[in-house]
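Colleague: Let's see this in three dimensions:
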Amino acid sequence: MTRPLALHPVLFFLAIVLFFCAHNPGRLSLQENWQPMAWLLMPMLVIEAVVLRMRRARTAAVLLSLFVVLFFSYGQVFDVMQDWGWRVPHSILMAAWAALFTLGTRATLRAKSDLVNFTRVLNFVSLVLIAVPGARIAAHTMEGGVLWSWSRPAPDLPMSAGNAEAQSRPDIYYVILDRYASEGTLRASYGLDNSEFLQFLRGKGFVVASNSYSNYPKTALSLASSLNMDYIDDLSSDPGRESSDWVPVHSRLRDYRVWRFLKSRGYTFVHFGTRWEPTRINPNADVNVNVFTPPEMIWALAGQTMLHPIGTELGIGLFDQRVLEWERIPHQLEKLPEVARDPRPTFSFVHLLIPHGPYVFERDGSFLSEETANQRSRRENYRNQLLYANRKVREAIERLLAASPAPPVIILQGDEGPIPIGYPREGLKFHWEAATDAELREKAGILNAYYLPGIKSERIYPTISPVNTFRLVFNEYFHTELPMLPDEHYFPRDDRHPYDFFSATGRMKRPIPQTLLSRNPAQGHPE
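Modeller: Presented below is the predicted three-dimensional model:
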């Protein structure tokens with residue numbers, strides 16, 4: 001009988017990658033992830049090739065498979081133990097993993113057989129482990145899920161624009177402060193008086209839309225709407241209300257109407273990215289600004305390995321996303337005013353994952369450890385992170401205005417409000433139609449402030465919503481004739497059905513109960 005090749009190390013590794021993809025159906029497409037998958041697989045193939053040429057190839061392959069399985073299963077086992085209430089320190093679990101590897105190595109090296117049959121068993125087991133996630137991915141695809149990509153951007157709107165020279169056009173900065181709540185939410189739910197920051201904005205010439213709500217309660221849905229200047233009802237038909245696939249809406253965060261129009265008018269497109277894959281980089285941008293951020297898939301896999309606790313313990317940002325996030329936000333805000341030095345007209349899309357978690361900032365900007373954050377309430381962590389964001393945004397605005405040769409257009413906007421207190425108890429199954437009016441307002445209430453030089457403040461009405469942001473800007477500065485849309489607010493049924501929308505517009509307009517108006521702001525919602 002032919003002696004089998006010991007292919008199981010690379011097959012186990014491939015199974016691990018496929019399991020990650022299968023457990024994130026509808027959020028990843030192969031077009032976006034084939035390169036990181038190749039980056040991960042190529043070193044493994046090189047190691048496999050070296051192992052197969054060794055004198056004791058089957059023995060070396062068993063040791064390599066043992067290492068791969070232990071190394072990449074570490075995070076999963078740790079998370080499961082935490083979920084079961086077993087608070088095992090990393091030091092103990094890592095010692096146990098080292099002991100398992102040592103025992104497995106000794107047993108393999110002392111084996112008296114040639115490991116031929118064991119190699120056949122491991123090859124078979126690894127193939128089964130590949131087939132399981134492969135079947136799940138295939139089933140998702142056959143049910144209408146996106147496997148490779150989604151290339152149906154929103155079509156261009158009919159817009160006629162004036163012929164002003166490019167150099168007379170203002171630089172445009174669209175700054176998204178993720179989950180930045182409205183003034184009312186901050187006061188009622190977080191015990192925070194934000195009037196000082198809002199007065200600063202007004203003092204600089206901003207107009208704050210005091211009663212603004214997001215059009216959708218999720219970042220992807222909200223930005224797909226605002227950047228395309230339209231509601232995204234068409235996604236309810238294709239891919240459909242029952243779809244659980246987020247790839248279609250993610251695609252509209254990369255190729256959207258706003259950048260296409262401004263690019264046609266001679267603008268340079270600068271994209272300030274995040275760690276979140278849909279806005280990490282934009283392939284259409286002339287310039288991408290970010291700190292070291294590999295594709296989300298690599299981060300997610302690395303976070304399940306033993307590198308994560310080691311890097312966290314040693315304070316190595318390369319292996320700890322919390323440290324990188326602490327470095328990214330001030331880096332982006334430091335770089336933002338430098339765009340003003342470009343003599344060309346520029347459009348900057350700036351997505352800042354703050355005050356959104358993870359909570360890594362104390363209010364003075366110092367690093368907040370995960371251990372300390374877990375000891376505090378979400379209200380306290382959110383409040384501190386928002387106060388830090390206020391300070392850094394103030395500094396950036398002052399520097400940006402001072403560095404700009406001509407007054408720029410600046411839009412400060414939350415894409416959604418914070419998660420209501422009751423939401424985490426339900427997770428992905430939370431049914432938004434069952435939410436109270438107060439919870440809907442909390443999730444949709446946002447900061448929405450405009451610095452539009454030369455434009456009458458009355459043009460910015462109190463309830464203007466993000467879908468109308470660039471309709472207003474383009475009409476005022478480029479003489480387009482885009483009709484302003486009704487300011488409506490839609491929620492998906494739940495996170496598993498992102499395009500099954502229902503209208504919450506009427507519930508946003510209901511009178512707020514007197515009990516809420518008279519509630520002690522410092523009390524807020526129960527944690």
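
Colleague: Give me the neighbour count for the closest residue to Ser65 other than its chain neighbours.
Modeller: Spatial nearest neighbour of Ser65, excluding adjacent residues (C-beta to C-beta, 6 or more residues apart in numbering): Pro9 at 4.7 Å. C-beta coordinates here come from the backbone N, C-alpha and C atoms, glycine included. By other C-beta atoms under 10 Å, the residues close to Pro9 number 26.

Colleague: What of Ser195?
Modeller: By other C-beta under 10 Å, the residues close to Ser195 number 12.

Colleague: Over to His90?
Modeller: Counted with other C-beta under 10 Å, residues neighbouring His90 total 15.

Colleague: Chain neighbours aside, what residue packs nearest to it?
Modeller: Pro309 (4.1 Å).

Colleague: Contacts only, for the one you found.
Modeller: When contacts are counted by C-beta atoms under 8 Å, 6 or more residues apart in numbering, Pro309 touches 78, 90, 94.

Colleague: Beta-bridge partners for the closest residue to Val175 other than its chain neighbours, please?
Modeller: If the residues on either side of it in the chain are set aside, Val175 comes closest to Val350, at 4.4 Å by C-beta to C-beta, 6+ apart. Beta-bridge partners of Val350, counted by DSSP bridges, are Val175, Phe272.

Colleague: Kindly state the domain boundaries assigned to this protein.
Modeller: Residue ranges for the domains of the chain, per automatic domain parsing: 8-142, 168-502.

Colleague: Of those, flag the one that's most buried.
Modeller: The highest average neighbour count among those, using mean count of other C-beta atoms under 10 Å, belongs to domain 168-502 at a mean of 19.

Colleague: Next, work out how far apart the residue most central in space within the chain and Ala138 are.
Modeller: Central residue of the chain (C-alpha atoms, centre = their mean): Trp276, 3.2 Å from the mean position. If you measure Trp276 against Ala138 using C-beta to C-beta, to the nearest Å, the figure is 27 Å.

Colleague: Check Asp255 too.
Modeller: Distance, Asp255 to Ala138, using C-beta to C-beta: 28 Å.

Colleague: just the strands in the stretch 151-300 of the chain please.
Modeller: Using DSSP state E, counting those that start in this stretch, the strands assigned to the stretch 151-300 of the chain run over residues 172-177, 207-208, 268-272, 287-289.

Colleague: picking up where we left off before, thought the residue nearest to Ser65 was touching Ala61?
Modeller: Yes: in terms of C-beta atoms under 8 Å, Pro9 counts as a neighbour of Ala61; the distance is 5.5 Å.

Colleague: Residues that sit against both of these two, list them.
Modeller: Common neighbours of Pro9 and Ala61 (C-beta under 8 Å, 6+ apart) are 48, 51.

Colleague: residue contacts, the closest residue to Glu277 other than its chain neighbours?
Modeller: With C-beta to C-beta, 6+ apart as the criterion, Glu277 has its nearest non-adjacent residue at 3.8 Å, and that residue is Glu296. The neighbourhood of Glu296, defined by C-beta under 8 Å, 6+ apart, consists of 275-277, 280.

Colleague: got it, and Ile130?
Modeller: Residues near Ile130 by C-beta under 8 Å, 6+ apart: 11, 14-15, 18.

Colleague: May I ask which helix or strand encompasses the residue nearest to His90?
Modeller: Per DSSP states H and E: Pro309 is located in helix 307-314.

Colleague: quick check: mean pLDDT across the following helix or strand past that helix?
Modeller: Sequence-wise, the next helix or strand downstream of helix 307-314 (DSSP H and E) is helix 321-335. For helix 321-335, mean pLDDT rounds to 91.

Colleague: Distance check, Glu183 against Pro89.
Modeller: Distance of Glu183 to Pro89, given as C-beta to C-beta: 43 Å.

Colleague: quick one: Phe491 from Leu14, how far?
Modeller: According to C-beta to C-beta, Phe491 and Leu14 sit 39 Å apart.

Colleague: Check Tyr388 too.
Modeller: Distance from Tyr388 to Leu14, by C-beta to C-beta: 42 Å.

Colleague: Check Tyr451 too.
Modeller: Distance from Tyr451 to Leu14, counting by C-beta to C-beta: 51 Å.

Colleague: now swap in Ser189 and tell me
Modeller: Between Ser189 and Leu14 the computed distance is 46 Å (C-beta to C-beta).

Colleague: ok, now Asn384?
Modeller: Per C-beta to C-beta, Asn384 is found 43 Å from Leu14.

Colleague: Repeat that for Thr505.
Modeller: Computed with C-beta to C-beta, the distance linking Thr505 and Leu14 is 48 Å.

Colleague: mind checking the backbone torsions on the closest residue to Glu362 other than its chain neighbours?
Modeller: Nearest residue to Glu362, sequence neighbours excluded (C-beta to C-beta, 6+ apart): Leu368, at 5.2 Å. Note on Leu368: its backbone torsions stand at phi -100, psi 120 [degrees, to the nearest 10].

Colleague: pLDDT at Leu368, what is it?
Modeller: Reading off the model, Leu368 has pLDDT 95.

Colleague: List the residues that contact it.
Modeller: 359-362, 381, 384.

Colleague: just Phe272 next, same as before
Modeller: Shown in contact with Phe272 (C-beta under 8 Å, 6+ apart): 289-290, 332, 335-336, 348-352.

Colleague: Tabulate those residues in JSON lines, adding columns for distance to His23.
Modeller: Converted to JSON lines, those look like this (distance: C-beta to C-beta, whole Å):
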{"residue": "Val289", "distance to His23": "31"}
{"residue": "Asn290", "distance to His23": "26"}
{"residue": "Gln332", "distance to His23": "30"}
{"residue": "Lys335", "distance to His23": "35"}
{"residue": "Leu336", "distance to His23": "36"}
{"residue": "Ser348", "distance to His23": "35"}
{"residue": "Phe349", "distance to His23": "30"}
{"residue": "Val350", "distance to His23": "31"}
{"residue": "His351", "distance to His23": "25"}
{"residue": "Leu352", "distance to His23": "28"}
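
Colleague: Thanks again, I'm all set now.
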